[in-house]
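1. Sequence unavailable; structure follows:
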Ligand SMILES: Nc1nc2c(ncn2[C@@H]2O[C@H](COP(=O)(O)OP(=O)(O)OP(=O)(O)O)[C@@H](O)[C@H]2O)c(=O)[nH]1
């Protein structure tokens, strides 16, 4: 703890001039959480002996994967030139799927620390977050982190940063979140550079909700940024969008453990507890006001995050279906961006079609289902949202390929994104080749420094969601970074490829693909299923089709599986046992028409890689 750490100011009565609200924005792994840890230590809000790495990443999964999913706010005391200040730091996630969380956090701040790894330089999310911060009119403090690393080249990257945001390379602070070097100077700069919050203390209370989190013991904890007026415990508050009123059971600040206070005044960042149980009642972006003396206009809100990627989630053991429903209900309490509705599949039984912000979000949800709820689940291939117009001019929104209209299709439109890829210039050729193979259109290229290039492409989202990032990383030895934002829709020559077993469609394998890639998908899936499905007592054709047209075919040859063949003796009990065992096995079989398919075969076929790996090799 530094001598500069000081006694905390009372949040209900702090002069806004003494408050600084800031966040740290950075590319994934550039060291936000580690820097935040040092700040907690230096300001004395966390005792040395209580310190653990990534203090603010509370979820186990966050700590294990080393990524931040939910943003958190912390109040820290700091003294500069004899004056005491309260610094509210809002930690933000850096991954592209969670951009919407970043933009909420930004709206609660007046300034941002732009943190860049001194051994890596500017990456795609550095840029994306910087643009978001600039859109929100935030004061930017450029900082190079990890200067303790032998590979650090602070002079080079200070110049790169200065070039990007203007100003002199000397203005770029140099710190190490690991050793703590320079962190006190950084806190001073936060006080000096970031403007104090503005608001009207005598106006009716207005607070903006920038996050709400479900806590099993306390119900929903709502994080707010006070703009005008004051909120105090036991006050009746109103949510301006729904007009719902609640009593404030507790109000306080995180420092970083929750600490109840006598209230929150202008410019403060803190939390509210009203005893509601569902995060949807405490909607992010909504304005909290006083129910007796309500404000007339709400603060500008956020747009709801829109699910971009859909996938079917099925329990491997069908009897787990009710547990899966319950688990999703519980996750939804803390993850407002998760969407789901029941669906059934011939191959997989009862499950849910879920909407996610992106692939990482999908992975995190499935991992939480497995880890926190002990469920074994299978996910179907992720799909984006297609708008299909049929010949009679009606439009259908398709999030599941098996819902693709069967009749004549007039046009199909797919979501597209503006993708920005940052990489050393030696990789430009291979990156362009990859983007081209994914139907990308080059928008332009910018040199950020002598050897770092930003390549911009317009690409179909459907081409990015599967394994694009993996391919990008492996083709560039891990040096490329990617960020993308929605850029509307485009019409494309897309078709649905069905997979048929003995003429019966297997819904879980239908896919919407570009016509040029339909054949490759058909060949791959038919070959894969031929390998995985055991022989039956009759020959089974495995076909891929577009509508009624067969584009690929394999066949599984007939074989009579005689389980009794092993029993040469006449031991009837042994025979019976074998027959019993066969019956057990059959329970786990799915019937597609007359064909018996073990559930494992479907699962193995689904978890195989997509057609592209084979094609791109
Ligand atoms: N040598 C060195 N390593 C650091 C420093 N700061 C962070 N690291 C390491 O860099 C890695 C990423 O740090 P994090 O703090 O988890 O990064 P982050 O930006 O919070 O990552 P997300 O939460 O995923 O956005 C970890 O392995 C840290 O130990 C530093 O100053 N020096």
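-> Nice, thanks for sending it over. Just so it is clear, the model here is predicted, and its values are computed rather than measured. Numbers count the residues shown, from 1 in each chain.
2. who's in contact with residue 316?
-> Residue 316 makes contacts with 376, 377, 378, 599, 603, as judged by CB atoms under 8 Å, 6 or more residues apart in numbering. C-betas here are computed from N, CA, C, even on glycine.
3. next one: residue 451
-> 424, 425, 426.
4. returning to that earlier point: tell me which two in the contacts of residue 316 are the farthest apart.
-> Spatial extent of these (CB to CB) is set by the pair 377 and 599 at 12.4 Å.
5. So which of the contacts of residue 451 is the closest to the ligand?
-> Distance to the ligand across the contacts of residue 451 (CB to the nearest ligand atom) is lowest for residue 424, with 20.3 Å.
6. pLDDT score for that closest one?
-> Model confidence at residue 424, given as pLDDT, is 89.
7. Now that it has come up, it's in contact with residue 452, right?
-> Yes: using CB atoms under 8 Å, residue 424 makes contact with residue 452 at a distance of 6.2 Å.
8. Next to the ligand in this structure, residues from the stretch 101-250 of the chain, please.
-> Within the stretch 101-250 of the chain, the positions lying close to the ligand (CB under 6 Å from any ligand atom) are 145, 146, 148, 149, 176, 177, 178.
9. Just give the nearest non-adjacent residue to the fourth one, would you?
-> Counting by CB to CB, 6 or more residues apart in numbering, residue 119 is the residue found nearest to residue 149 once chain neighbours are left out, at 4.9 Å.
10. swap in the third one?
-> Using CB to CB, 6+ apart and skipping residues adjacent in sequence, the residue nearest residue 148 is residue 176, 4.3 Å away.
11. So the one you found: helix, strand or coil?
-> What DSSP: H, G, I helix; E, B strand; the rest coil gives for residue 176 is coil.
12. thinking again about what came up before, let me have the residues of the stretch 101-250 of the chain next to the ligand in TSV, extended by pLDDT and neighbour count.
-> Output for these, formatted as TSV (pLDDT from 0 to 100; neighbours: other CB atoms under 10 Å):
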residue	pLDDT	neighbour count
145	96	31
146	96	25
148	95	15
149	94	15
176	95	21
177	93	26
178	92	16
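13. quick check, residue 133 in a helix?
-> Yes: under three-state DSSP, residue 133 sits within a helix.
14. who's the residue nearest to it when sequence neighbours are not counted bridged to?
-> In this structure, residue 133 finds its nearest non-sequential neighbour in residue 112, 4.5 Å apart by CB to CB, 6+ apart. Beta-bridge pairing for residue 112 (DSSP bridges): residue 23, residue 140.
15. which of the residues of the stretch 101-250 of the chain next to the ligand sit farthest apart?
-> Longest span within these, CB to CB: 149 and 177, 11.1 Å.
16. what is the mean pLDDT for stretch 428-444?
-> 94.
17. Can you mark which positions in it are buried?
-> The neighbour-count check on stretch 428-444 (16 or more other CB atoms under 10 Å) flags 431, 432, 434, 435, 438, 439, 440 as buried.
18. was I right about the second one contacting residue 455?
-> Which is residue 432. Yes: assessed by CB under 8 Å, residue 432 is found in contact with residue 455 at 7.1 Å.
19. what do those two both touch?
-> With CB under 8 Å, 6+ apart as the test, residue 432 and residue 455 both reach residue 442.
20. where in the stretch 301-450 of the chain is pLDDT low?
-> Within the stretch 301-450 of the chain, the stretches with pLDDT under 70 are 301-304, 334.
21. where do the strands sit along it?
-> 309-315, 339-345, 349-356, 377-379, 386-390, 395-398, 409-424, 441-447 (DSSP state E, counting those that start in this stretch).
22. Quick check: which element contains residue 121?
-> For residue 121, there is no enclosing helix or strand under DSSP states H and E.
23. Deepest-packed of the strands of the stretch 301-450 of the chain, please.
-> Of these, the one with the most neighbours on average (mean count of other CB atoms under 10 Å) is strand 309-315, at a mean of 24.
24. what about it, distance to the chain center?
-> Relative to the centre of its chain, strand 309-315 is centred 15 Å away, using CA atoms, centre = their mean, to the nearest Å.
25. what sits up against it?
-> Residues outside strand 309-315 that contact it (CB under 8 Å, 6+ apart): 321, 323-324, 328, 340, 343, 345, 348-359, 361-362, 366, 369, 375-385, 399-400, 465, 508.
26. pLDDT score for residue 101?
-> Residue 101 carries a pLDDT value of 62.
27. swap that for residue 610, please
-> Value for residue 610, per-residue pLDDT: 39.
28. ok, how many other residues are close to residue 169?
-> 17 (other CB atoms under 10 Å).
29. which residues does it contact?
-> So residue 169 contacts 155, 158, 159, 161, 162 (CB under 8 Å, 6+ apart).
30. repeat that for 7 Å
-> Taking CB atoms under 7 Å, 6 or more residues apart in numbering, we find residue 169 in contact with 158, 159, 162.
31. Do I have it right that residue 35 meets residue 24?
-> Yes: the pair residue 35 / residue 24 is scored as a contact, 6.4 Å apart, by CB atoms under 7 Å.
32. Between these two, which contacts overlap?
-> Common neighbours of residue 35 and residue 24 (CB under 7 Å, 6+ apart) are residue 115.
33. Any figure for the gap between the spatially closest residue to residue 209 that is not a sequence neighbour and residue 298?
-> Residue nearest to residue 209 in three dimensions, not counting chain neighbours: residue 286, with 5.0 Å by CB to CB, 6+ apart. Distance from residue 286 to residue 298, counting by CB to CB, to the nearest Å: 8 Å.
34. Give me the contacts around the host helix or strand of residue 214.
-> Using DSSP H and E, residue 214 falls within strand 206-215. Strand 206-215 is contacted by residues 70-71, 104-105, 107-108, 220-229, 231, 279, 282-289, 295, 299, 333-334 when judged by CB under 7 Å, 6+ apart.
35. Neighbouring strands of it in the sheet, and parallel or not?
-> Strand 206-215 is paired, per DSSP bridges, with strand 219-228 (antiparallel), strand 287-290 (antiparallel).
36. need the next SSE after the longest one, C-terminal direction.
-> The element immediately downstream of strand 219-228 (helix or strand, assigned by DSSP H and E) is strand 236-239.
37. strands paired with that following strand, and their directions?
-> Counting by DSSP bridges, strand 236-239 is paired with strand 245-247 (antiparallel), strand 287-290 (antiparallel).
38. Residue 530 and residue 498: what is the separation?
-> Distance from residue 530 to residue 498, by CB to CB: 16 Å.
39. Looking at the two now, which is surrounded by more residues?
-> Taking neighbours as other CB under 10 Å, residue 530 and residue 498 compare with residue 498 leading, 26 against 16.
40. partners of that one in the sheet?
-> Beta-bridge partners of residue 498, as defined by DSSP bridges: residue 545.
41. Also residue 491?
-> Bridge pairing for residue 491 - DSSP bridges - gives residue 413.
42. Next, count neighbours for the one residue in the stretch 351-500 of the chain that gets nearest to the ligand.
-> Per CB to the nearest ligand atom, residue 360 is where the stretch 351-500 of the chain lies closest to the ligand, at 10.4 Å. Neighbourhood size, residue 360 [other CB under 10 Å]: 20.
43. likewise residue 365?
-> Neighbours of residue 365 (other CB under 10 Å): 24.
44. One more: the one 4 residues further on?
-> Neighbour count for residue 369, taken as other CB under 10 Å: 22.
45. That one touches residue 377, doesn't it?
-> Yes: using CB under 7 Å, residue 369 is in contact with residue 377, at 5.8 Å.
46. first to last residue in stretch 172-190, what's the distance?
-> 13 Å (CA to CA, to the nearest Å).
47. Kindly indicate which of the contacts of residue 316 lies nearest residue 460.
-> Set against residue 460, the nearest of these by CB to CB is residue 378 (25.7 Å).
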